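Peer 1: pasting the structure only:
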């Protein structure tokens with residue numbers, strides 16, 4: 001898990017900052033709409049929608065915005081039809097990159113993603129070239145200073161978590177679940193009075209590539225450029241780097 005905890009926290013902080021500019025709102029509205037279109041507008045029976053709504057609430061999205069996004073997804077209101085796409089490629093140092101996209105025009109988005117990768121030291125690959133290096137998992141972070149390890153472990157494992165990791169060098173406990181159990185585990189932990197810092201469905205690398213200082217800085221620029229694209233929902237990579245470099249992007 002080296003590097004993943006720090007990077008997840010940085011992305012979480014950036015989401016709050018981006019929300020002030022409205023950028024993250026646009027991405028979450030897309031996710032809510034497509035989740036509602038694929039699984040219905042009731043979050044109790046649609047885990048993907050429930051997760052998207054939780055994310056919207058974390059960045060203080062108004063309830064009316066959430067409601068309209070759901071109604072656009074279910075067809076109760078007119079809206080844009082988005083298509084899901086997954087791009088795979090490579091970054092500096094041979095790192096693997098997965099890019100999840102929601103777009104209304106794949107013919108426009110594809111060359112833009114390719115250009116962004118090439119411009120920032122990466123390149124687009126064929127379908128399946130790196131996705132095998134990742135596993136889709138539920139991922140929960142809990143601050144060590146706000147909870148006891150035994151209490152976290154009991155609440156998480158009793159609810160069906162697959163693993164709990166306690167790296168002495170990290171400030172958080174990491175809980176790994178199957179995607180369908182993430183919400184149940186999160187609810188169990190919170191019901192035990194333990195605050196959850198982050199809960200998301202993510203793509204966890206099976207192994208990591210360690211980058212030197214120059215490569216790491218180039219990699220962070222590439223990720224920033226990809227995440228700035230309006231159609232990009234998530235960027236996953238298997239890079240690790242010196243902590244001071246990773247922390248730099250979170251400032």
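Peer 2: On my side now, so go ahead. It should be emphasised that the depicted structure is a prediction, and the values quoted were computed from it without experimental measurement.

Peer 1: Can you list the buried residues in the strand ranked longest in the chain?
Peer 2: Counting residues, the longest strand found in the chain (DSSP state E) is strand 134-143. Of all the residues in strand 134-143, those buried under the rule 16 or more other CB atoms under 10 Å are 134, 137, 138, 139, 140, 141, 142. Quick note: C-beta positions are derived from backbone N, CA and C, even for glycine.

Peer 1: and the third one, bridged to which residues?
Peer 2: Per DSSP bridges, the residues bridged to residue 138 are residue 177, residue 201.

Peer 1: Verify the stated contact: it with residue 201.
Peer 2: Yes: using CB atoms under 8 Å, residue 138 is in contact with residue 201, at 5.8 Å.

Peer 1: Tell me the secondary structure at residue 81.
Peer 2: Put simply, residue 81 is coil when judged by DSSP: H, G, I helix; E, B strand; the rest coil.

Peer 1: what's the burial count for the nearest residue to it once chain neighbours are set aside?
Peer 2: Distance criterion CB to CB, 6 or more residues apart in numbering; nearest residue to residue 81, sequence neighbours excluded, is residue 104 at 6.6 Å. A count of nearby residues for residue 104, using other CB atoms under 10 Å, gives 12.

Peer 1: Now do the helices in the stretch 1-150 of the chain.
Peer 2: For the stretch 1-150 of the chain, the helices defined by DSSP state H, counting those that start in this stretch occupy 4-21, 23-39, 47-58, 63-74, 106-119, 149-158.

Peer 1: elements contacting the third one?
Peer 2: This points to helix 47-58. helix 4-21, helix 23-39, helix 63-74, helix 182-191, strand 198-205 (3 or more CB pairs under 8 Å, 6 or more residues apart in numbering; DSSP states H and E).

Peer 1: in that helix, what counts as buried?
Peer 2: 47, 48, 49, 50, 51, 52, 53, 55, 56, 58.

Peer 1: related to what we said a few turns ago, quick one, which of the helices of the stretch 1-150 of the chain is nearest to residue 211?
Peer 2: Nearest to residue 211, of all these, is helix 4-21, at 12.5 Å by CB to CB.

Peer 1: Now do the contacts for the closest residue to residue 153 other than its chain neighbours.
Peer 2: Nearest residue to residue 153, sequence neighbours excluded (CB to CB, 6+ apart): residue 164, at 5.2 Å. Contacts here follow CB atoms under 8 Å, 6 or more residues apart in numbering; on that basis residue 164 touches 152, 153, 156, 157, 173, 174, 175, 176.

Peer 1: beta partners of the fifth one?
Peer 2: It refers to residue 173. residue 142.

Peer 1: isn't it right up against residue 146?
Peer 2: No: contact status for residue 173 versus residue 146: not in contact, 10.0 Å apart, counting by CB under 8 Å.

Peer 1: quick one, which of these two is more surrounded?
Peer 2: residue 173 (24 against 13).

Peer 1: Who are the contact partners of that one?
Peer 2: 141, 142, 144, 147, 149, 152, 164, 165, 166.

Peer 1: In the stretch 151-251 of the chain, where is pLDDT below threshold?
Peer 2: 245-251 (pLDDT under 70).

Peer 1: rerun that using 50 as the cut-off
Peer 2: The stretch 151-251 of the chain contains no residues with pLDDT under 50.

Peer 1: same deal with the stretch 1-150 of the chain?
Peer 2: Using pLDDT under 50, the stretch 1-150 of the chain drops low at 1-2.

Peer 1: Now with 90, please.
Peer 2: Along the stretch 1-150 of the chain, segments meeting pLDDT under 90 span 1-26, 44-45, 47, 54-55, 57-61, 75, 77-83, 145-148.

Peer 1: How many residues are close by residue 175?
Peer 2: 28.

Peer 1: isn't it right up against residue 142?
Peer 2: Yes: judged on CB under 8 Å, residue 175 makes contact with residue 142 at a distance of 6.9 Å.
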